[in-house]
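Sequence plus the predicted model coming up.
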Amino acid sequence: MPMNTKKKNLIDWINDNLVDLLTIHMFCFSDWVPDMEAQYMVGFSMITIIAFMILFNMSFVFIEFFRVIKLVSKKNINRIKAKFPKKQETTVEVPITFEKDKQVKIEEIELPQYN
């Protein structure tokens, strides 16, 4: 049965081929291969294929796990930010008028007091 995405179809195809390869390896442990040394070497090949299959499939589990952790942490960070909104900066307009011949000292300007 086809999967929803091409990526899932590819993973399924690779897993099917690895299982087929392991099934062929099982024949090597029968009387089909009489040499015990050859069966011993085929065992290492089978262990390598099984290890690759486990690592291949677990990589997708870890990728999905870290994706979910990332999404949950972003959600919690946004929730915390919503509880503590930023303080808005207040701007104060100071009315200053300059006349041509009059000099204004900064100390003389009255600033409004906000509490």
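Nice, I can see it.

Hmm, L22 is touching M46, no?
Yes: when contacts are counted by CB atoms under 8 Å, L22 is listed as touching M46 (6.4 Å). Where you see a C-beta, it was placed from the backbone N, CA and C, and this is true even at glycine.

Which one of these two is surrounded by more residues?
For L22 against M46, the residue with the higher neighbour count under other CB atoms under 10 Å is M46, and the figures read 17 against 14.

Assign a three-state SS to that one, would you?
For M46, the secondary-structure state derived from DSSP: H, G, I helix; E, B strand; the rest coil is helix.

pretty sure it is in contact with H25, am I right?
Yes: when contacts are counted by CB under 8 Å, M46 is listed as touching H25 (4.5 Å).

For stretch 9-22, list the C-alpha coordinates in PDB.
These are the backbone C-alpha positions of stretch 9-22, laid out as PDB (Å, rounded to 0.1, in the frame of the first residue of the first chain):
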ATOM      1  CA  ASN A   9       7.600   5.300   0.300                       C
ATOM      2  CA  LEU A  10      11.400   5.500  -0.100                       C
ATOM      3  CA  ILE A  11      11.900   4.400   3.600                       C
ATOM      4  CA  ASP A  12       9.400   1.500   3.100                       C
ATOM      5  CA  TRP A  13      11.200   0.400  -0.100                       C
ATOM      6  CA  ILE A  14      14.600   0.500   1.600                       C
ATOM      7  CA  ASN A  15      13.300  -1.500   4.600                       C
ATOM      8  CA  ASP A  16      11.700  -4.100   2.300                       C
ATOM      9  CA  ASN A  17      14.900  -4.600   0.400                       C
ATOM     10  CA  LEU A  18      16.900  -4.900   3.600                       C
ATOM     11  CA  VAL A  19      14.400  -7.600   4.800                       C
ATOM     12  CA  ASP A  20      14.800  -9.400   1.500                       C
ATOM     13  CA  LEU A  21      18.500  -9.300   1.800                       C
ATOM     14  CA  LEU A  22      18.300 -10.700   5.400                       C
END
